[in-house]
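Visitor: any chance you can model this:
(4 chains)
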2 protein chains.
Amino acid sequence: MLYDLLIQNIKKNIALSKSELESICTYFTPKQLAKKEFLLTQGSICKFEGFVLEGCFRIFTIDKKGNENTLYFATKDWWLMDIDSFTNQTPSDLNIQALEDSHIILISKEDKAKLYKNVPSTEKLFRIMSQKAIVAWQRRLIRNNSLTAKERYFHFTNTYPDIVTKITDKQIASYLGITHEFLSKIKKSN
Amino acid sequence: MLYDLLIQNIKKNIALSKSELESICTYFTPKQLAKKEFLLTQGSICKFEGFVLEGCFRIFTIDKKGNENTLYFATKDWWLMDIDSFTNQTPSDLNIQALEDSHIILISKEDKAKLYKNVPSTEKLFRIMSQKAIVAWQRRLIRNNSLTAKERYFHFTNTYPDIVTKITDKQIASYLGITHEFLSKIKKSN
DNA sequence: TGATAAAGTTGAACTAGTTCAATAAAAGTA
DNA sequence: TACTTTTATTGAACTAGTTCAACTTTATCA
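Guide: Residues are numbered from 1 along each chain as shown, chains lettered A, B, ... in the order given. You can find the predicted model right below:
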């Protein structure tokens, strides 16, 4: 079923009743995106929180020098949003682009508020999810400061072998914080 | 009063009743730390979540090469913990050290669980706090990848002028992800 | 107060990673 | 199928940041 993956994702974080899980699902609506299509562009307001059922996305910024900086990739079972823009309804710094034909489910800001109200245990759910995300961001930061580009590259390919098959080296480089030319040299050196 | 700062901190995130706020405070116990004293050391389990009333702390790791990597500094009005170790009661990767005589309040894992149960709105409070933290970590990561060391140094000193007065250049360097020798050269170059 | 440790500075040699430009390979499109 | 655009590779010159070592300044504390 459409919402099975979402239910499994929730269950990884918290034990909820069947009726709670079913209720949560009703707040999400499906959406398809074609390859290269943008779900969010820098400067616009993030009106949804998304969850990937199928496909792959890249979440990235473009800085003043024109360089792309990839924050993360989201495939099946990942969440998708600009938390800041979604929460405060302010212009986003992020771009979210489908890297292949993709299938997601979305919840709007208004429905998210209703969800918190009508299914109070979702507060705990999203608290736990957020706390796990903090840990992941902290670890990424430490890796960026303590590992070489080569070590980071191998950490990435070992940790996300499934994502690696869906993205270009240029995109990996923008995730690792190096130029794609240097990534090419890293790959050759081993 | 002892808990005024905590109450103000909570109010920045969520509107709670006076009784809820007072109830929350009862779960926290005060603790003093002398300069250089550790609240948490790498390998041990984080048994508390802390909030700084006075003083300054450094949260850092030491990697395999022996290099220190500062995750953040916490002064008055900052939270203090290893979320991962606290949540899962697993050995911590982090060190938390007082940089001056400090005054904090702590809540244990058991009391935090009781707090969530007895004051359900704290789920929302900590969800909101966690989401703000994610935004901050994401921005830091983007800055690290898109700014030069010199730009990061000035961003840090402009953003946290109060913290700068309490820490050494060596500690700033370990936060910026550069050597202290290079930081010294950055400072001279301007 | 003086002694000792720690932090900060400086310079020279080095290296990880960048920049630019040219070319090759692959993917998208008609 | 050929044409165009994007991605990947490679080399040479460069630069941001490191390493090491010597020295100076500032904290610490008995």
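
Visitor: helices of chain A, residue ranges please.
Guide: Secondary structure of chain A, counting by DSSP state H: helices at A:4-11, A:18-26, A:83-88, A:109-118, A:121-146, A:149-159, A:161-164, A:169-176, A:180-188.

Visitor: pull out the buried positions in the fifth one.
Guide: By neighbour count, and taking 16 or more other CB atoms under 10 Å in any protein chain shown as the criterion, the buried residues in helix A:121-146 are A:121-135, A:137-138, A:140-146. C-betas here are computed from N, CA, C, even on glycine.

Visitor: before we move on, the earlier item: could you dump the helices of chain A to a markdown table with distance to chain B and mean pLDDT?
Guide: Converted to a markdown table, the helices of chain A look like this (distance: least, CB to the nearest CB, whole Å; pLDDT from 0 to 100):
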| stretch | distance to chain B | mean pLDDT |
| --- | --- | --- |
| helix A:4-11 | 15 | 98 |
| helix A:18-26 | 14 | 97 |
| helix A:83-88 | 4 | 96 |
| helix A:109-118 | 7 | 98 |
| helix A:121-146 | 4 | 98 |
| helix A:149-159 | 11 | 97 |
| helix A:161-164 | 18 | 96 |
| helix A:169-176 | 8 | 98 |
| helix A:180-188 | 13 | 97 |
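
Visitor: let me know which of these is the nearest to A:Cys56.
Guide: Proximity to A:Cys56 (CB to CB) singles out helix A:161-164 among these, at 7.0 Å.

Visitor: residues in contact with A:Ile107?
Guide: Going by CB atoms under 8 Å, 6 or more residues apart in numbering or on different chains, A:Ile107 touches A:Tyr27, A:Phe28, A:Thr29, A:Phe48, A:Glu49, A:Gly50, A:Leu115.

Visitor: I meant to write A:Leu115 there.
Guide: A:Leu115 sits next to A:Ile24, A:Tyr27, A:Ile107, A:Thr122 when contact means CB under 8 Å, 6+ apart.

Visitor: which of these sits closest to B:Phe60?
Guide: A:Thr122 (34.6 Å).

Visitor: quick one: the closest one and A:Ile24 touch, right?
Guide: Yes. Between A:Thr122 and A:Ile24 a contact is recorded at 6.5 Å, counting by CB atoms under 8 Å.

Visitor: what is the neighbour count of A:Phe38?
Guide: A:Phe38 has 13 neighbouring residues, counting by other CB atoms under 10 Å in any protein chain shown.

Visitor: tell me, which of the buried residues of helix A:121-146 make contact with DNA strand C?
Guide: Taking CB under 7 Å from any atom of the strand as the test, DNA strand C is in contact with none of those.

Visitor: for the closest residue to A:Phe28 other than its chain neighbours, which residues make a bridge with it?
Guide: Taking CB to CB, 6 or more residues apart in numbering or on different chains as the measure, A:Phe28 lies nearest to A:Ile105, with 4.0 Å between them; neighbours along the chain are not counted. Listed by DSSP bridges, the beta-bridge partners for A:Ile105 are A:Pro30, A:Phe51.

Visitor: quick check: A:Ile105 touching A:Leu53?
Guide: Yes. Under the contact definition of CB under 8 Å, A:Ile105 touches A:Leu53, with a separation of 6.4 Å.

Visitor: now the common contact residues for the two.
Guide: Common contacts of A:Ile105 and A:Leu53, defined by CB under 8 Å, 6+ apart, comprise A:Leu2, A:Leu6, A:Pro30.

Visitor: just the buried ones out of those, please.
Guide: With neighbours counted by 16+ other CB under 10 Å, these contain buried members at A:Leu6.

Visitor: from the shared contacts of A:Ile105 and A:Leu53, which is closest to A:Asp84?
Guide: Of all those, A:Asp84 sits closest to A:Leu6, with 23.1 Å by CB to CB.

Visitor: now the nearest residue to that closest one once chain neighbours are set aside: how far from B:Asp169?
Guide: Residue nearest to A:Leu6 in three dimensions, not counting chain neighbours: A:Phe51, with 5.7 Å by CB to CB, 6+ apart. Between A:Phe51 and B:Asp169 the distance, using CB to CB, to the nearest Å, works out to 44 Å.
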